[in-house]
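[1] what would the 3D arrangement of this be:
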Amino acid sequence: MKEYLFYLLTVVGIGYFVTISDLAKPFREFVARINKTKVKFKPLNWLWDKLEGVTSCIYCASFWIGISVHFTIYREFDVTTVFSAFSVMGFIYVVKTLSNK
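    Next up is the predicted model:
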């Protein structure tokens, strides 16, 4: 339980740092600016569009951060890695929903 709590808070912390913090704001603005300039190579446009979505959405960011943090901590990639990432998204949803009431 202690390890999962550490994992959960790590992912949420990094997610909020990437999506909301003032320190990461220049990075988010850079990604948005690059995304607005369309290039001829369509897959690159798609990649920048998805990266902008991840840097501006706590749910999207927490999923991908959750996968990378789980792999970093446990040094394995299996179905548990994906389920753990989804559990962080669910946790953030529950906290946001309860705090809005």
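
[2] other SSEs contacting the least confident helix or strand in the chain by mean pLDDT?
    Across the helices and strands of the chain, mean pLDDT, DSSP states H and E gives its lowest value to helix 42-56, namely a mean of 87. Packed against helix 42-56 by the contact rule (3 or more Cβ pairs under 8 Å, 6 or more residues apart in numbering; DSSP states H and E) you find helix 2-19, helix 25-36, helix 58-74. Glycine gets a C-beta too; all of them are placed from N, C-alpha and C.

[3] what does the model give the residue most central in space within the chain for pLDDT?
    Within the chain, one residue has its C-alpha closest to the average C-alpha position: by Cα atoms, centre = their mean, that is residue 61, at 1.2 Å. According to the per-residue confidence, residue 61 scores 95 in pLDDT.

[4] so it makes contact with residue 55?
    Yes: with contact defined as Cβ atoms under 8 Å, residue 61 counts as touching residue 55 (6.8 Å).

[5] got any residues that touch both of these two?
    Between them, residue 61 and residue 55 share the neighbouring residues 18-19, with contact defined by Cβ atoms under 8 Å, 6 or more residues apart in numbering.

[6] and the residue of the chain most remote from its centre, how close does it get to residue 87?
    With distances taken from the mean C-alpha point of the chain and given as Cα atoms, centre = their mean, the most distant residue is residue 40, at 27.6 Å. Residue 40 is 40 Å from residue 87, where distance means Cβ to Cβ, to the nearest Å.

[7] before we move on, what about residue 8?
    Shown here: residue 8 relative to residue 87, a distance of 8 Å by Cβ to Cβ.

[8] could you export the helices and strands packed on helix 42-56 as JSON lines, including distance to residue 45?
    Rendered in JSON lines, the data for the helices and strands packed on helix 42-56 read as follows (distance: least, Cβ to Cβ, whole Å):
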{"stretch": "helix 2-19", "distance to residue 45": "21"}
{"stretch": "helix 25-36", "distance to residue 45": "8"}
{"stretch": "helix 58-74", "distance to residue 45": "18"}
